[in-house]
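> dropping a prediction and its sequence here:
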Amino acid sequence: MTIPDKTRRLLRSVPEEAIFHGTDPEDPRFGDLLTPIDEIPASASIVAVIVGIPQHIGVERNGGRPGAEEAPRAIRMAFTKLATSAVERAIKSERLVVCDAGDIDTNGKTLEQIHDEQHDVVSSLLHAGCIPILLGGGHDTAWPTIRAMNYVGEPFGVINIDAHADVRPLIDDVRSHSGSPFRQMLTEPSSALAPASFLEFGLQQTSVSRSHLDLIAHYGMHAIMLDHIRERGVRTAWDDALMMATQTASKLYVSLDMDAVSSAYAPGVSAPAAAGFTPEEVLHCVRAAATHRALCAFDIVEVNPRYDVDGRTAKLAGLVLAEVIAGLADRLGPS
């Protein structure tokens, strides 16, 4: 499995100080088990590639508070410190490979240029058979990933775990932002999105307008409200969401906006909400999604370290990333 040179040229390396390395060989951390992107073994069954998108231009366009550009570094620092007992055997056997390919180079670029480069990187990774795991950045990063899924062309489903629907109109009908990616997906005239396969999971009545819910319904898609999930139980509701998103789709993209989590647990986000999921609920959902063989792309967006408390939100995002990797290891069965 080879990543083209032209793809690697769009990425800048992660500073070494952003990756934690342990000192005890009997207690490896995720930072110790990362494989360089140019050393992926041909024997690997699953290759997960982490890519950061350090920008908050789309958040600012949407009237949100800046700071999400600092998230990829903060998430990596939290993630790479975590212990690896759930995945160590799968990674050391080289059946599961985890790479950190670095960041999209966003310096001095417009949001549209950044989106184009992200599209090219994600498309290349998908064509190579890798699973891109994207660290935003604002939620506008979902749009270039969706464009890449369209480019690959296989029928796909999408689950957005979010308090907000993010189906707002574009600014001046042309400029995307952190609140518009799923409207862009729904209105795209040439799309591989499978029928009835987009689900908004965890929307809150005080965070979404009736017109946005009507828009989702107009396109035959689904909005699953947080209070409905609470009534049914998160595990049951999530199992149903996975089934609906993959019923007519061969591929699945899951996007996690960290403001879906209650601000008691995730204060450092672009648009905090007093109500929301607990960490345990979100961690269950993402691991179950990663275990599902249809999952081919995942992202974590809207972490805002400038407003975090004791790194609480970044640590939770790091746990989310670890649970996604653990879910991929679960696919492989016992070592």
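Everything's here; your move. If you're wondering where the values come from, they're calculated on a predicted model, not measured in any experiment. Residues are numbered from 1 along each chain as shown.

> and the closest residue to residue 317 other than its chain neighbours, what is it in contact with?
Nearest residue to residue 317 in three dimensions, chain neighbours excluded: residue 75, at 4.6 Å (CB to CB, 6 or more residues apart in numbering). (Glycine included, C-beta is placed from N, CA and C.) The contact partners of residue 75, by CB atoms under 8 Å, 6 or more residues apart in numbering, come to 135, 300, 303, 314, 317-318, 321.

> next one, pLDDT for residue 75 please.
You'll see residue 75 listed with a pLDDT of 98.

> contact partners for residue 126?
If a contact means CB under 8 Å, 6+ apart, then residue 126 has 132, 148-149, 152, 296-297 as its contacts.

> meant to ask about residue 7, not that
Contacts for residue 7 were tallied using CB under 8 Å, 6+ apart; they are 120-121, 124-125.

> swap in residue 76?
Neighbouring residues of residue 76 by CB under 8 Å, 6+ apart: 14, 18-19, 50, 52, 100, 135, 318.

> quickly note the distance from it to residue 315.
Distance, residue 76 to residue 315, by CB to CB, to the nearest Å: 12 Å.

> distance from the chain centre to the helix ranked longest in the chain, please.
Once the chain is assigned using DSSP state H, the helix that runs over the most residues is helix 312-331. In terms of CA atoms, centre = their mean, to the nearest Å, the centre of helix 312-331 is set 11 Å apart from its chain centre.

> which strands and helices lie in contact with that helix?
With contacts taken as 3 or more CB pairs under 8 Å, 6 or more residues apart in numbering; DSSP states H and E, helix 312-331 sits against strand 46-53, helix 71-79, strand 96-104, strand 131-136, helix 279-291, strand 295-301.

> nearest to residue 251, of these?
Residue 251 lies closest, by CB to CB, to one member of the helices and strands packed on helix 312-331: strand 295-301, at 4.7 Å.

> now that closest one, how far from the chain's geometric center?
On CA atoms, centre = their mean, the centre of strand 295-301 falls 3 Å from that of its chain.

> and residue 12, bridged to which residues?
When assigned by DSSP bridges, residue 12 has beta-bridge partners residue 103.

> so what's it up against?
Applying CB under 8 Å, 6+ apart to residue 12 gives the contacts 102-105.

> count the neighbours of residue 239 for me.
Per other CB atoms under 10 Å, the neighbour tally for residue 239 reads 13.

> spatially nearest residue to it (excluding sequence neighbours)?
Nearest residue to residue 239, sequence neighbours excluded (CB to CB, 6+ apart): residue 288, at 7.4 Å.

> tell me the phi and psi of residue 69?
Residue 69 has phi and psi values of phi -60, psi -20 when expressed as degrees, to the nearest 10.

> number of nearby residues for the residue nearest to residue 66 when sequence neighbours are not counted?
Ranked by CB to CB, 6+ apart and with sequence neighbours excluded, the top spatial neighbour of residue 66 is residue 56, at 4.8 Å. Residue 56 has 28 neighbouring residues, counting by other CB under 10 Å.

> please report the residue range of the longest strand in this protein.
The longest strand of the chain (DSSP state E) is strand 193-203.

> in that one, which residues are buried?
With burial defined by 16 or more other CB atoms under 10 Å, the residues of strand 193-203 counted as buried are 193-194, 196-203.

> one step back: make CSV out of the helices and strands packed on helix 312-331 and add distance to residue 332.
Shown next, in CSV, are the helices and strands packed on helix 312-331 (distance: least, CB to CB, whole Å):
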stretch, distance to residue 332
strand 46-53, 7
helix 71-79, 20
strand 96-104, 6
strand 131-136, 13
helix 279-291, 10
strand 295-301, 14
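
> and residue 190, what does it touch?
residue 150.

> for it, what are phi and psi?
Residue torsions, per degrees, to the nearest 10, at residue 190 are phi -120, psi 100.

> look up the pLDDT of it for me, please.
Note on residue 190: pLDDT of 90.

> could you do residue 113 as well?
97.

> burial measure for it, as a count.
Neighbour count for residue 113, taken as other CB under 10 Å: 13.

> if you count neighbours, what's buried in the helix or strand containing it?
Taking DSSP states H and E as the definition, residue 113 sits inside helix 111-127. Within helix 111-127, the residues that count as buried by 16+ other CB under 10 Å are 111, 114-115, 117-126.

> can you put those in TSV and add distance to residue 235?
Putting these into TSV (distance: CB to CB, whole Å) gives the following:
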residue	distance to residue 235
111	37
114	36
115	35
117	38
118	32
119	34
120	37
121	34
122	30
123	34
124	35
125	30
126	29
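
> nearest to residue 207, of those residues?
Residue 207 lies nearest to residue 111 out of the buried residues of helix 111-127, by CB to CB, at 23.3 Å.
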